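Engineer: Sharing a model prediction with you, sequence too.
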Amino acid sequence: MASLDRVKVLVLGDSGVGKSSLVHLLCQNQVLGNPSWTVGCSVDVRVHDYKEGTPEEKTYYIELWDVGGSVGSASSVKSTRAVFYNSVNGIILVHDLTNKKSSQNLYRWSLEALNRDLVPTGVLVTNGIAQIHGT
């Protein structure tokens, strides 16, 4: 078996917007019935075969890091989250269309990520509809 390349993706957004449900759906292929609040961070994994069945086939070990959604401006909250930003390959920003504040806070989440020199590749998820954002 060939070695697996690791890809680390942060899932960011306010509390209660569906980050845990999205991660569970992507990794387990099933809806999460009654999600609980994420404290700190939760990591789930999915193995993905890129270009399966071709000479360019490559297997990736995708880690989806569901980061707790406190967007507080307190430096203690941001410094606690800082450890999750190490060696990140991409981000998924999640918000809730029925919660205007969560949409407005996407800017703060993206700034926090970009201020850490992250790869500017990501996906914006709006109530389950994915839109490519970035390169």
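Structural biologist: Arrived safely.

Engineer: Look up how far residue 9 lies from residue 54.
Structural biologist: Between residue 54 and residue 9 the computed distance is 24 Å (Cβ to Cβ, to the nearest Å). Heads up, the C-betas are built off the backbone N, CA and C, glycines and all.

Engineer: cool, and residue 101?
Structural biologist: 24 Å.

Engineer: Neighbour count for residue 54 and residue 9, which is higher?
Structural biologist: residue 9 (21 against 8; other Cβ atoms under 10 Å).

Engineer: for the closest residue to that one other than its chain neighbours, phi and psi?
Structural biologist: For residue 9, ignoring the flanking residues on the chain, the nearest one in space by Cβ to Cβ, 6 or more residues apart in numbering is residue 90 at 4.8 Å. Dihedral pair for residue 90: phi -180, psi 170, per degrees, to the nearest 10.

Engineer: Near residue 90, how many other residues are there?
Structural biologist: Residue 90: 17 neighbours (other Cβ under 10 Å).

Engineer: so it touches residue 60, yeah?
Structural biologist: No: between residue 90 and residue 60 there is no contact under Cβ atoms under 8 Å: 11.8 Å.

Engineer: where do the contact lists of these two overlap?
Structural biologist: Shared contacts of residue 90 and residue 60 (Cβ atoms under 8 Å, 6 or more residues apart in numbering): residue 7.

Engineer: residue boundaries of the strands in this protein?
Structural biologist: Assigned by DSSP state E, the strands in the chain fall at 5-12, 41-50, 58-67, 90-95, 121-126, 129-134.

Engineer: most packed of those?
Structural biologist: strand 90-95 (a mean of 24; mean count of other Cβ atoms under 10 Å).

Engineer: so how far is that one from its chain's centroid?
Structural biologist: 5 Å (Cα atoms, centre = their mean, to the nearest Å).
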